[in-house]
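Student: Sequence and predicted model, in that order:
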Amino acid sequence: MDIQALLALQEEDGHLRALQRELRTILPKRRAEAKARLLAAKVAVDAATRENLDAEKEAARYERDYRRSIDRLSRAEQAAFGVVGSRHLQNLAQEHDRAQADIEKAEAGKAKADRELTPTQRRLDAARQHEADEQLAVQAVLDDLDARKRRIEEEIAKVTARRDAARANVPQDLLRRYDRLSLTRWPCAVEFNRADNVCMGCNLVQPPSIAQQVQKASKSDSAALVVCPSCGRILF
Ligand SMILES: [Zn+2]
């Protein structure tokens, strides 16, 4: 049997399989991973933006409380002028004290909100910077993947030409068996481990007669094709 021509074909088909696997499976996976990195950076910016916005609102709320309390205080002070009734005056004094207390509370709240605003602003800046860095890094990865894709496509064209030439050297009956096998078994032609009587394709021990047939086939081109009784692969 003409095993050398078949092995030459199998080698080129093996290259093709690896290239097509990279093109159809590995490159799209890497592309998706790169895009996921970018998405993660965007999500982090969104989260930091919301956090910062909340902190800004909180600071603005205390600012409003403060202004309102100041107004109450000045109204209480103005109302106190020209008031004669001691009871009314007392009420105004109490309102003045409450407004004063509210001012202090608002001031403390505003100071705390400002302290919290600084780190959220810093985190937002950091998230934006990270996103900008990721955009550059991911674009570089995508450019590399595009270049790799073009090289693979060129390589596939070359290997396909070599494969087609190799097919022309394999006898038709052997080619039909190879094509059929290649749908479910790869590689289709495997070495037979004659020392242990093991098919290197399925790793199962075979009867000694297989070793004898393989031995015979290796010495004569006209000998019958030997196939593994377990997996059907072509043995050499
Ligand atoms: Zn086998």
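Tutor: On my side now, so go ahead. Computed from a predicted structure; not experimentally measured. Numbers count the residues shown, from 1 in each chain.
Student: what's the weakest-modelled helix or strand in the chain?
Tutor: helix 208-219 (a mean of 92; mean pLDDT, DSSP states H and E).
Student: Alpha carbons only: can I get it in PDB?
Tutor: Backbone C-alpha positions of helix 208-219 (Å, rounded to 0.1, in the frame of the first residue of the first chain) are rendered in PDB as follows:
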ATOM      1  CA  PRO A 208      -0.700 -10.500  17.100                       C
ATOM      2  CA  SER A 209      -2.000 -11.100  13.500                       C
ATOM      3  CA  ILE A 210      -2.400  -7.300  13.100                       C
ATOM      4  CA  ALA A 211       1.300  -6.900  13.800                       C
ATOM      5  CA  GLN A 212       2.100  -9.500  11.200                       C
ATOM      6  CA  GLN A 213      -0.100  -7.800   8.600                       C
ATOM      7  CA  VAL A 214       1.500  -4.400   9.400                       C
ATOM      8  CA  GLN A 215       4.900  -5.900   9.000                       C
ATOM      9  CA  LYS A 216       4.000  -7.400   5.700                       C
ATOM     10  CA  ALA A 217       2.400  -4.200   4.400                       C
ATOM     11  CA  SER A 218       5.500  -2.200   5.300                       C
ATOM     12  CA  LYS A 219       7.600  -4.400   3.000                       C
END
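Student: Please work out which residues outside the next helix or strand after it touch it.
Tutor: Downstream of helix 208-219, the next assigned helix or strand under DSSP states H and E is strand 234-235. Here strand 234-235 makes contact (Cβ atoms under 8 Å, 6 or more residues apart in numbering) with 3, 6, 174, 177-178, 181, 188-192, 199, 210, 213-214, 225-228. Yep, even glycine has a C-beta here, placed from its N, CA and C like the rest.
Student: mind listing the helices in the chain by residue range?
Tutor: Counting by DSSP state H, one finds helices in the chain at the ranges 3-21, 27-80, 86-167, 172-182, 208-219.
Student: Just say which of the ones you listed is most tucked in.
Tutor: Comparing the helices of the chain by mean neighbour count (mean count of other Cβ atoms under 10 Å), helix 3-21 ranks first with a mean of 17.
Student: ok now it, how far from the chain's centre?
Tutor: 31 Å (Cα atoms, centre = their mean, to the nearest Å).
Student: which helices and strands does that helix pack with?
Tutor: Here helix 3-21 touches helix 86-167, helix 172-182, strand 189-190, going by 3 or more Cβ pairs under 8 Å, 6 or more residues apart in numbering; DSSP states H and E.
Student: got a list of what residue 213 touches?
Tutor: 223, 224, 226, 235.
Student: so what's the residue nearest the centre of the chain scoring on pLDDT?
Tutor: Among the residues of the chain, the one closest to the centroid is residue 33, at 2.3 Å (Cα atoms, centre = their mean). Predicted confidence (pLDDT) for residue 33: 98.
Student: That one and the ion, how far apart?
Tutor: Remark: distance between residue 33 and the ion (Cβ to the ion, to the nearest Å) = 37 Å.
Student: Residue 158 too?
Tutor: Residue 158 is 32 Å from the ion, by Cβ to the ion.
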